[in-house]
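J.: Fold the following for me, if possible:
(chains A and B)
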2 protein chains.
Amino acid sequence: MSVTYPAGFRAAGVTAGLKDSGNKDVALVVNDGPFDAAAAVFTSNRCKANPVLWSEQAIRDGHLRAVVLNSGGANCYTGATGFETTHATAELVGELIGSGAVDVLVCSTGLIGVHFQRDRLLAGVREASDKLSSDGGNDAAEAIMTTDTHAKQSLVRRDGWSVGGMAKGAGMLAPALATMLVVITTDAKADSATCDQALRSATAATFDRLDSDGCQSTNDTVTLLASGASGIEVDVVELTSAVTAVCQDLAMQLMGDAEGSAHDITIEVVDAASEADALEVGRAVARSSLFKCAIYGEDPNWGRVLAAAGTTKATFEPHQLDVAINGVQVCTGGEPDESPEKVVFQGRAVHVKVALHAGTRSGTIWTNDLTEAYVHENSAYST
Amino acid sequence: MSVTYPAGFRAAGVTAGLKDSGNKDVALVVNDGPFDAAAAVFTSNRCKANPVLWSEQAIRDGHLRAVVLNSGGANCYTGATGFETTHATAELVGELIGSGAVDVLVCSTGLIGVHFQRDRLLAGVREASDKLSSDGGNDAAEAIMTTDTHAKQSLVRRDGWSVGGMAKGAGMLAPALATMLVVITTDAKADSATCDQALRSATAATFDRLDSDGCQSTNDTVTLLASGASGIEVDVVELTSAVTAVCQDLAMQLMGDAEGSAHDITIEVVDAASEADALEVGRAVARSSLFKCAIYGEDPNWGRVLAAAGTTKATFEPHQLDVAINGVQVCTGGEPDESPEKVVFQGRAVHVKVALHAGTRSGTIWTNDLTEAYVHENSAYST
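T.: Predicted structure coming up:
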């Protein structure tokens, strides 16, 4: 149930003292091979943190031996000093595991614009290296938590091979990923191109459709490491399927633990002219503060759904739209239909279905509601 | 200090019983001439309310004799019945003041997707017509309030002529206007084209730069009526100046009364390659829930400013950005500069300045913070 379940991986998570809480804050995942194919995708935010600037280069040859991650500081907008910290971290990991620095991906998460103590980080890396073990996955998953209330891990088993994963992220979850760090491991035998294709397909269908609060992080990284230790060669279809399942599971865990949220909202847009149209409408609804507040109040306010749809360029006639909330058809053809009072809210899951009557394509976006707890948590984060 | 200060206008505000509160909910503003030039701008939301669909046609000839407004229901997504209600309202006003229905602009505000009682509305219109008076501006301004905590009015006096205005709107304030109804009157003599040009210039520089919560209403309307009763002919420069001053004053009143807000935030973006770039960056910051929560918590979290800027396509180098908050230069060249602890928060006003170092243009967006009170108010609005 962790990144060390697939054969060929060791991991560790330790306390380096970067966080005031004294919780674990440095994680290390090492691929012992025999192969070291890898892929990674990063935030599309133009303001990228130092570890992202480093890691974008490190992954270029499609090979990685290790991923080192820290919480307790994003190392973003920390200038040349911050980049040197990232570089020194990769150098040290390389030295400790006997690889080059460029075979080491670096991930950081925490506050932007704050220097953290390089010495503590490097000492933590040494300790993590000492503690590497084939059942260290749980510790690693704990060490990357920030405001997460629990560690997120996933595992998919196939015939003779498996895919494991861990993730952190509980806010700023937005398209093109978002303060989300994810490490996925597999003992399947797959080359770099196959890993890259599988990872891009998987993230496009999962993390990229999760938009918790519309904000986009500077640090998001999702990486896939393939050890080949199972000896089983997989094709891109098999690998994509398993990696997508792990990403989907982790994405739902992230949604369920989003900062201060009370509801997990699935926005399904159907009968669209294109999938892009469906996703554009879904995202617009997911980013409407008024809609998100209404769901928090368990108010099936479909007017806010349509008002958000109206801000998009998707193909549809405004007065042909249908909306269903939790299965109750509250709006048909742009007019009130069943009474909103019939809508039953139970537990966290809410389902909103919007029909555009413009085609046959569909798309789903996942989001959370906007709550007083979200505001509280995010108004007090750095203080 | 109201829409009836300029000569040639009468107004009234009455209780028709559309709102459970028993507060005034129908307003009527009549231009007694001698001229009836007019202009109007509407929401750019594609999902337009019935009164907007009507009023877009009514203004086409550049002449209006009256504006009738109701709170207590947006008359949006209410189908053919809703449109008939709008039409009947315009017909009745026309009959009462001796004009055609197409000389009557109709505005509605309140919940989307809810039918309200046409009989009550029409009875209210009759009563308002009976009560029309040259000092009825205050009553009219009260009658258009929804969640506004006070009526918003403005007046600019020039040599022998004046411009008066009233506005409602306390949430959903977003570009291209937003659940904002504004009526502006002037006794200057100006033709329809001059009114149109003045109104478009004024709204582009004021209401269009106010983005309270990123949500865009289905009902926004801003209209300008010119009676010519002062006998003084004005050119477009003079009229634009006075109308802009009234719009600016009303926009700041809207910002200061935005639902649940605790701070009024001015986001000034300078050294941009173009004004459009400056406004794009300003809007991205204004729409970051994380940034808005930080300001609520009086946390000068400049990382959230830069993370929002990074989601735009504006021309800049991510590592050349400067940020100042309330005059303290917290980030220079993408690195921490003065200590955020030096930033002093006092009262509602917060000033954020972002320098892009990409040119010489600038632009300002106004927004509010995101508070627990906003969430509370908007999760309980319709219930």
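J.: residues in contact with the closest residue to chain B within the stretch 201-350 of chain A?
T.: Relative to chain B, the nearest point of the stretch 201-350 of chain A is A:G303 (2.6 Å; C-beta to the nearest C-beta). C-beta here means a position set from N, CA and C on the backbone, and glycine is covered the same way. Applying C-beta atoms under 8 Å, 6 or more residues apart in numbering or on different chains, one finds that A:G303 lies in contact with B:74, B:76-77, B:111-113, B:218.
J.: Now the two most distant members of those.
T.: Between any two of these, the greatest separation by C-beta to C-beta is 10.9 Å, found for B:L111 and B:T218.
J.: quick one: common contacting residues for those two?
T.: If you check B:L111 and B:T218 against C-beta under 8 Å, 6+ apart, the residues they both contact are A:303, B:74.
J.: With neighbour numbers in mind, choose between those two.
T.: A side-by-side neighbour count of B:L111 and B:T218, using other C-beta atoms under 10 Å in any protein chain shown, places B:T218 first with 30 against 18.
J.: quick one: that one is in a strand?
T.: No: using DSSP: H, G, I helix; E, B strand; the rest coil, the secondary structure at B:T218 is coil, not a strand.
J.: which residues touch it?
T.: For B:T218, the contact set (C-beta under 8 Å, 6+ apart) comprises A:303, A:306-307, A:310, B:43, B:45, B:47-49, B:52, B:74, B:76-77, B:112.
J.: one more time with 10 Å, if that's ok
T.: Contact criterion C-beta atoms under 10 Å, 6 or more residues apart in numbering or on different chains gives A:303-304, A:306-307, A:310, A:318, B:42-43, B:45-52, B:74-77, B:108-109, B:112, B:172, B:178-179 as the residues in contact with B:T218.
J.: Please tell me how far it sits from A:R304.
T.: Spatial separation of B:T218 from A:R304 under the definition C-beta to C-beta, to the nearest Å is 10 Å.
J.: again with A:L64
T.: The spacing between A:L64 and A:R304, counted by C-beta to C-beta, is 44 Å.
J.: Show residues contacting stretch A:226-235.
T.: Counting contacts by C-beta under 10 Å, 6+ apart, the residues outside stretch A:226-235 that touch it are A:6-9, A:30-39, A:63-64, A:158-163, A:184-192, A:194-195, A:198, A:238-243.
J.: So which of these belong to helices?
T.: A:192, A:194-195, A:198, A:238-243 (DSSP state H).
J.: on that earlier part again, return the subset of the contacts of B:T218 lying in strands.
T.: Secondary-structure check on the contacts of B:T218 using DSSP state E: residues within strands are B:42, B:108.
J.: show me where chain A has helices.
T.: Using DSSP H, the helices of chain A run over A:50-58, A:79-97, A:118-131, A:137-143, A:192-205, A:236-256, A:275-286, A:289-296, A:302-309, A:372-379.
J.: closest one to B:G347 among those?
T.: When those are compared by C-beta to C-beta, helix A:372-379 sits nearest B:G347, at 17.4 Å.
J.: number of nearby residues for A:D130?
T.: When neighbours are counted by other C-beta under 10 Å, A:D130 comes out with 12.
J.: same thing with A:V237?
T.: Considering only other C-beta under 10 Å, A:V237 is surrounded by 12 other residues.
J.: from memory it sits against A:A190, does it?
T.: No: using C-beta atoms under 10 Å, A:V237 and A:A190 do not qualify as a contacting pair, with a distance of 11.4 Å.
J.: Would you mind measuring the gap between the ends of stretch A:312-322?
T.: 16 Å (C-alpha to C-alpha, to the nearest Å).
J.: where's that stretch relative to the chain centroid, distance-wise?
T.: Using C-alpha atoms, centre = their mean, to the nearest Å, the mean C-alpha position of stretch A:312-322 is found 30 Å from that of the whole chain.
J.: That one: which residues count as buried?
T.: Going by neighbour count (16 or more other C-beta atoms under 10 Å in any protein chain shown), the buried part of stretch A:312-322 is A:312, A:314, A:316, A:318, A:321-322.
J.: and those near chain B, which?
T.: A:312, A:314, A:316, A:318, A:321 (C-beta under 10 Å from any C-beta of the partner chain).
J.: thinking again about what came up before, kindly present the buried residues of stretch A:312-322 as CSV, with separate columns for pLDDT.
T.: Rendered in CSV, the data for the buried residues of stretch A:312-322 read as follows (pLDDT from 0 to 100):
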residue, pLDDT
A:T312, 93
A:A314, 96
A:F316, 96
A:P318, 90
A:L321, 95
A:D322, 97
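J.: Quick check: the farthest pair among those residues?
T.: Distances among these were taken as C-beta to C-beta; the most separated pair is A:T312 and A:D322, at 16.1 Å.
J.: Mind checking which residue lies nearest the centre of chain A?
T.: Centrality entry for chain A: nearest residue to the mean C-alpha point is A:M180, 4.1 Å, by C-alpha atoms, centre = their mean.
J.: Excluding residues flanking it in the chain, which one is nearest it?
T.: A:G169 (3.5 Å; C-beta to C-beta, 6 or more residues apart in numbering or on different chains).
J.: Hmm, A:C215 and that neighbour touching each other?
T.: No: assessed by C-beta under 10 Å, A:G169 is found out of contact with A:C215, at 11.5 Å.
J.: more neighbours, those two?
T.: For A:G169 versus A:C215, the count of surrounding residues by other C-beta under 10 Å is larger for A:G169: 33 against 25.
J.: how close does that one get to A:S217?
T.: Taking C-beta to C-beta as the criterion, A:G169 is separated from A:S217 by 8 Å.
J.: Next: A:A286.
T.: Shown here: A:A286 relative to A:S217, a distance of 16 Å by C-beta to C-beta.
J.: Please apply the same query to A:L181.
T.: For A:L181, the distance to A:S217 under the criterion C-beta to C-beta works out to 9 Å.
J.: which residues are in contact with both of those two?
T.: Common neighbours of A:L181 and A:S217, counting by C-beta under 10 Å, 6+ apart, are A:109, A:169.
J.: so how far is stretch A:34-48 off the chain centroid?
T.: Stretch A:34-48 has its average C-alpha position 13 Å from the chain's average C-alpha position, going by C-alpha atoms, centre = their mean.
J.: Show me which residues of that stretch are buried.
T.: Neighbour count says stretch A:34-48 has A:35-48 buried, by 16+ other C-beta under 10 Å.
J.: One more: stretch A:140-150?
T.: Of the residues in stretch A:140-150, those buried by neighbour count under the rule 16+ other C-beta under 10 Å are A:140-148.
J.: for stretch A:323-335, same thing?
T.: Of the residues in stretch A:323-335, those with enough neighbours to count as buried (16+ other C-beta under 10 Å) are A:323-326, A:328, A:330-332, A:334-335.
J.: low pLDDT regions in chain A?
T.: Low-confidence segments of chain A, defined by pLDDT under 70, are located at A:170-179, A:381-383.
J.: Looking at A:L181 and A:S217, which one has more neighbours?
T.: When A:L181 and A:S217 are compared on other C-beta under 10 Å, the one with more neighbours turns out to be A:S217, at 30 against 26.
J.: From what I see, the more buried one and A:L111 are in contact.
T.: No: using C-beta under 10 Å, A:S217 is not in contact with A:L111, being 11.8 Å away.
J.: Quick one: distance of stretch A:38-53 to the chain centre.
T.: 13 Å.
J.: quick one: A:I184 and A:Y5 touch, right?
T.: No: contact criterion C-beta under 10 Å: A:I184 and A:Y5 do not qualify, at 11.4 Å.
J.: The two: which has the busier surroundings?
T.: Counted by other C-beta under 10 Å, A:I184 and A:Y5 do not tie: A:I184 has more neighbours, with 32 against 22.
J.: re the thing from before, give me every residue that touches the residue nearest to A:M180.
T.: Listed by C-beta under 10 Å, 6+ apart, the contact set of A:G169 reads A:109, A:144-148, A:152, A:177-182, A:207, A:210, A:212, A:217, A:219-220, A:250-251, A:253-255, A:257-259.
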